[in-house]
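Chemist: sequence unknown, structure follows:
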């Protein structure tokens with residue numbers, strides 16, 4: 001599996017004066033293998049600029065457990081709220097292929113940041 005992420009700061013939903021910074025992230029999961037596979041569970045590690053770490057685990061993504069054929073992509077958008085204008089996320093997806101093999105698809109670390117927060 002190949003995982004690509006693009007994050008966006010949502011200024012209209014944020015309230016910096018209340019230490020509320022809202023971000024969306026768009027995920028594209030691509031099955032680059034030769035066997036169909038299903039996403040079972042997600043695991044996120046979310047870190048803000050104060051060093052606060054939140055771990056999130058759950059079944060599927062956005063209420064779905066996509067089953068990807070070789071060459072197929074699945075895209076979804078979700079979000080995170082931080083108390084700081086800068087943070088990072090990383091994690092993994094637990095997958096099972098149609099041969100019954102479980103494997104972990106890593107989600108590389110990506111930044112959550114307001115515009116101009118890092119020069």
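Modeler: Yep, it's here. Bear in mind that the values here come from a model prediction, so they are computed numbers and not experimental data.

Chemist: quick one: low-confidence parts of the protein?
Modeler: The chain contains residues with pLDDT under 70 at 118-119.

Chemist: and the strands in it?
Modeler: 2-9, 21-30, 37-48, 53-59, 67-68, 73-82, 86-97, 102-113 (DSSP state E).

Chemist: tell me which of those strands approaches residue 15 most closely.
Modeler: strand 21-30 (8.5 Å; CB to CB). C-beta here means a position set from N, CA and C on the backbone, and glycine is covered the same way.

Chemist: where's residue 68 relative to residue 89, distance?
Modeler: Separation of residue 68 from residue 89 (CB to CB, to the nearest Å): 22 Å.

Chemist: just to check, residue 10 is in contact with residue 79?
Modeler: Yes - counting by CB atoms under 8 Å, residue 10 touches residue 79, with 7.3 Å between them.

Chemist: and for these two, which residues touch both?
Modeler: 22-24 (CB atoms under 8 Å, 6 or more residues apart in numbering).

Chemist: what's in contact with stretch 77-86?
Modeler: 10, 16, 19-27, 46, 48-50, 52, 61-62, 87, 89, 111-114, 117-118.

Chemist: if you set the cut-off to 7 Å instead, what comes out?
Modeler: Stretch 77-86 is contacted from outside by 19-26, 46, 48-50, 52, 62, 89, 112-114, 117-118, using CB atoms under 7 Å, 6 or more residues apart in numbering.

Chemist: now do the same end-to-end measure for that stretch.
Modeler: Start-to-end span of stretch 77-86 (CA to CA, to the nearest Å) is 19 Å.

Chemist: same thing with stretch 18-37?
Modeler: 42 Å.

Chemist: same deal with stretch 39-59?
Modeler: End-to-end for stretch 39-59, by CA to CA: 9 Å.

Chemist: buried ones in that stretch?
Modeler: Of all the residues in stretch 39-59, those buried under the rule 16 or more other CB atoms under 10 Å are 39, 41-44, 46-49.

Chemist: for those, which one is nearest residue 99?
Modeler: Out of these, the member with the shortest distance to residue 99 (by CB to CB) is residue 39, at 15.9 Å.
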